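Colleague: Give me a 3D structure for the following:
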Amino acid sequence: MEDPVSDKEDDSVKVIQECLDLFVQKDSICEASIFKTVKKYFNAGGTPEEVVSTLAENFQGIGNLARQLVLWLEYCGENRANIERLVEGHVKDLLQENFDPRKADTIFSEDGELPGWLGEMISYPTWRALFYSLADKHPDCIMLNYTIKLISDAGFTDEISSVSMASQQIDVFSRILKTSIATLLKFRGSNLDPIITDLTKLVCSSKHTYFYTVALLHQASKDRGTGYKLRFLFQELERRARTMGKDTCFISLTMCGAAAYPTIFQALTSMLTLNKNALNSGDVTTLYQLYSSSDPPPVAFLRLPQLFELLVDSLYSPVVKWRNTEHTDKYIFMLAYGVSVTEKWEGGNRRNVNTKRLEHTISAIQKTHKLAKLDDIQEWYCNIEAVLKFLKFPVVSMGILKYCSVVTMDGSYFKGVTDTVPLHLILIDEIASNHPLHHDTVFTFLKQLFQMSHEHLQELEQIEIRKMIIDRMVHLLCVGHAIPVIQYMRECLDNETADKSLIRHFAGEVMEVTTSPYSADFIAEFLPIAKNPDITSSLRNINESDSISQFIEYCNG
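Modeller: Residues are numbered from 1 along each chain as shown. Now for the predicted structure:
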């Protein structure tokens, strides 16, 4: 028979030893839980002399030393804010280096309460940022999961949209999703990319969160007021998910109702799944036969961005060679039908199919497609009047933009250029002028062209080519894409990724085409360039009558 007195003594010895193991740790007397530990030690029969000597021997006063060092730095004249950033940065580095998720999970007390310092920490941006970083590194940590929920509950939902751990809790995820969508709907700037990038990372953290999001967006996109914005977000999330290696084909087709049309569903999935992502004449012929019939399927099935990109690429890229040109007209018909035909629906029934613009769109695509495949500059010049007219069609402008990007990104393109401004770049200007919705795509292309290496050319020739591209960016600025262009050139200045003469050329051109009043965003982005003496000193004169000096005076006034 076991002796209960003996068992109780063994338990007391064990508790005392556990407490002593804590007491011998460096600066254990400074721990927030020290009073509970000491009480537990005494209740188990520990002696006061031992606890006092153990705590005293292991006291080093690191916190006090740090506080004294801060006082010395202040005495030496260092700014208080700089000192705080220095100390906080060092503590963050130590925490990230030594963080142990198993130990962190032990902060939950036996009665389920959290320590008071955790609630205090999440009220500071510095420590919230630390929790976000740790949460991405340790997604299974219970303490961090709970902390992310506390941060969300405290009203900082907009900060945690990029934290993947937030997707593990449906209430937190829903709150972030709602906040992100509301932010996008209210956004009045020109650069949505950071917001959508963070949202994509969160949404694509699992199949469940992706399906939950797109189902919600699909339903909400039926709203007549904001529906088009939500459809854009749906398509942008889908595109970015594909670039991350996610196969979104089946979900997208199901959402648009293609599952109710088995023949169409089969044809589209065979081309659009991640491991295929290519058109084939058999499936395109199937779609052509259905959509050229007297009772065509809904046009929505042809408005998948992925299908649109594949059709444009096959019809306008000069490097894509056709094995069987007899199917060309079918490809053109499918592209034209998807972008020009409209339908009127009432109560789930289609009342009307409007094909009024279909023939004109087919004609425009046919003629510009032939020019792109011939890739003969003289033919383009001979047909320039018709081309400029066809560029009014958004689909044609996207096709010609595709053609121009393939041609100009060829390493030898500028070697043979003799014109002051090549025709291809003139077409890019025309596209930017006609289609504001293409500005992002045009700007992405111009940035790639600007960053492209031209090692086969002399250094001065390379400078002149980049000035020519900067002029295209300035034109893009003039037609409404100002802030992203200025932000990019400022990044080139700050990161020293472009010759200063190019930034100077940009600054001079911008001042030539702009005048007051200037927006707050414009001033915030361009003023650092204007004030940089290495850039603008040669553009200014002594009596300050130049445009740069007048701009700075306007900003200071």
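
Colleague: how about the strands in the stretch 51-200 of the chain?
Modeller: Secondary structure of the stretch 51-200 of the chain (DSSP state E, counting those that start in this stretch): no strands located.

Colleague: Could you list the low-pLDDT ranges of it?
Modeller: Across the stretch 51-200 of the chain, the ranges flagged by pLDDT under 70 are 108-114, 158, 161-167, 188-191.

Colleague: at 50 what do you get?
Modeller: Within the stretch 51-200 of the chain, the stretches with pLDDT under 50 are 111.

Colleague: Check the spacing between the spatially most central residue of the chain and residue 243 real quick.
Modeller: Nearest to the geometric centre of the chain sits residue 197, at 2.4 Å (C-alpha atoms, centre = their mean). Separation of residue 197 from residue 243 (C-beta to C-beta, to the nearest Å) stands at 11 Å. For the C-beta atoms, the positions are set from N, CA and C on the backbone; glycine is no exception.

Colleague: where do the strands sit along the chain?
Modeller: Assigned by DSSP state E, the chain shows strands spanning 342-346, 349-354.

Colleague: any chance of the ones you listed in a markdown table, with distance to residue 257 and mean pLDDT too?
Modeller: Output for those, formatted as a markdown table (distance: least, C-beta to C-beta, whole Å; pLDDT from 0 to 100):
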| stretch | distance to residue 257 | mean pLDDT |
| --- | --- | --- |
| strand 342-346 | 12 | 88 |
| strand 349-354 | 12 | 89 |
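
Colleague: and these as TSV, adding distance to residue 409 and mean neighbour count?
Modeller: Below are these laid out as TSV (distance: least, C-beta to C-beta, whole Å; neighbours: other C-beta atoms under 10 Å):
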stretch	distance to residue 409	mean neighbour count
strand 342-346	35	10
strand 349-354	38	11
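
Colleague: Minimum distance to residue 441: which of those strands has it?
Modeller: strand 342-346 (23.7 Å; C-beta to C-beta).

Colleague: Could you list the residues in contact with the closest one?
Modeller: For strand 342-346, contacts defined as C-beta atoms under 8 Å, 6 or more residues apart in numbering pick out 298, 299, 350, 351, 352, 353, 354.

Colleague: Specify the beta-bridge partners of the nearest residue to the third one once chain neighbours are set aside.
Modeller: In space, residue 350 comes closest to residue 343 once its chain neighbours are excluded; the distance is 5.6 Å by C-beta to C-beta, 6 or more residues apart in numbering. Per DSSP bridges, residues listed as beta-bridge partners of residue 343: residue 353.

Colleague: how about stretch 301-318: buried residues?
Modeller: Neighbour-count burial for stretch 301-318, counted by 16 or more other C-beta atoms under 10 Å, picks out 301-304, 306-308, 310-317.

Colleague: returning to that earlier point: go through the strands of the chain and name the closest to residue 442.
Modeller: The minimum distance between residue 442 and these falls on strand 342-346, with 26.4 Å, by C-beta to C-beta.

Colleague: where in the chain is pLDDT low?
Modeller: Where the chain drops to pLDDT under 50, the residues are 1-2, 111.

Colleague: Go again with 70.
Modeller: Low-confidence segments of the chain, defined by pLDDT under 70: 1-10, 108-114, 158, 161-167, 188-191, 322-324.

Colleague: before we move on, back to that, is it possible to get a markdown table of the strands of the chain that adds distance to residue 550?
Modeller: Formatted as a markdown table, the strands of the chain follow (distance: least, C-beta to C-beta, whole Å):
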| stretch | distance to residue 550 |
| --- | --- |
| strand 342-346 | 50 |
| strand 349-354 | 53 |
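
Colleague: Just tell me which of those ends up closest to residue 428.
Modeller: strand 342-346 (29.1 Å).

Colleague: from the middle of its chain, how far away would the closest one be?
Modeller: Mean C-alpha position of strand 342-346 versus that of the full chain (C-alpha atoms, centre = their mean, to the nearest Å) differs by 34 Å.

Colleague: sorry, back to before: mind checking which of the buried residues of stretch 301-318 land in helices?
Modeller: If you go by DSSP state H, the buried residues of stretch 301-318 have 306, 307, 308, 310, 311, 312, 313, 314, 315, 316 in helices.

Colleague: Pull the contacting residues for the fourth one.
Modeller: Same thing as residue 310. Residue 310 makes contact with 271, 272, 277, 278, 279, according to C-beta under 8 Å, 6+ apart.

Colleague: try the second one
Modeller: For residue 307, the residues meeting the contact criterion (C-beta under 8 Å, 6+ apart) are 268, 271, 272, 338.

Colleague: State the distance from the third one to residue 230.
Modeller: In this view, residue 272 and residue 230 are 22 Å apart by C-beta to C-beta.

Colleague: With neighbour numbers in mind, choose between these two.
Modeller: Just comparing residue 272 and residue 230: by other C-beta atoms under 10 Å the higher neighbour count belongs to residue 272, 23 against 20.

Colleague: ok, for the more buried one, nearest residue in space, not its chain neighbours?
Modeller: residue 249 (4.5 Å).

Colleague: Also residue 38?
Modeller: Here the residue nearest residue 38, using C-beta to C-beta, 6+ apart, is residue 51, at 6.1 Å.

Colleague: shouldn't that neighbour be in contact with residue 28?
Modeller: No: look at residue 51 against residue 28 with C-beta atoms under 8 Å: they stay out of range, at 10.3 Å.

Colleague: returning to that earlier point: from the contacts of residue 310, which would you call buried?
Modeller: Among the contacts of residue 310, those classed as buried by 16+ other C-beta under 10 Å are 271, 272, 279.

Colleague: Can you tell me which of these is closest to residue 486?
Modeller: Nearest to residue 486 among the buried ones among the contacts of residue 310: residue 272, at 37.9 Å, using C-beta to C-beta.

Colleague: Quick check: residue 140 touching residue 101?
Modeller: Yes: Residue 140 lies in contact with residue 101 (C-beta under 8 Å); the separation is 6.9 Å.

Colleague: Show me which of the two is the more surrounded one.
Modeller: Taking other C-beta under 10 Å, residue 140 and residue 101 do not tie; residue 101 has more neighbours (15 against 10).

Colleague: Can you tell me how far residue 352 is from residue 360?
Modeller: Residue 352 sits 19 Å away from residue 360, going by C-beta to C-beta.

Colleague: Same check on residue 215?
Modeller: With C-beta to C-beta as the criterion, residue 215 and residue 360 are 37 Å apart.

Colleague: Same question for residue 14.
Modeller: For residue 14, the distance to residue 360 equals 88 Å [C-beta to C-beta].

Colleague: Likewise for residue 418?
Modeller: 35 Å.

Colleague: Pick out whichever of these two has more residues nearby.
Modeller: With neighbours defined as other C-beta under 10 Å, residue 418 and residue 360 compare such that residue 360 has more, 13 against 5.

Colleague: For the more buried one, give me its contacts.
Modeller: Taking C-beta under 8 Å, 6+ apart, we find residue 360 in contact with residue 340.

Colleague: Ok, which of the strands of the chain comes nearest residue 535?
Modeller: Of the strands of the chain, nearest to residue 535 by C-beta to C-beta is strand 342-346, at 50.0 Å.

Colleague: May I have that closest one exported as PDB, CA atoms only?
Modeller: Extracted C-alpha coordinates of strand 342-346, given in PDB (Å, rounded to 0.1, in the frame of the first residue of the first chain):
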ATOM      1  CA  THR A 342     -23.600  42.300 -74.700                       C
ATOM      2  CA  GLU A 343     -26.600  40.500 -73.200                       C
ATOM      3  CA  LYS A 344     -29.600  41.600 -71.300                       C
ATOM      4  CA  TRP A 345     -30.800  39.400 -68.500                       C
ATOM      5  CA  GLU A 346     -34.000  39.600 -66.500                       C
END
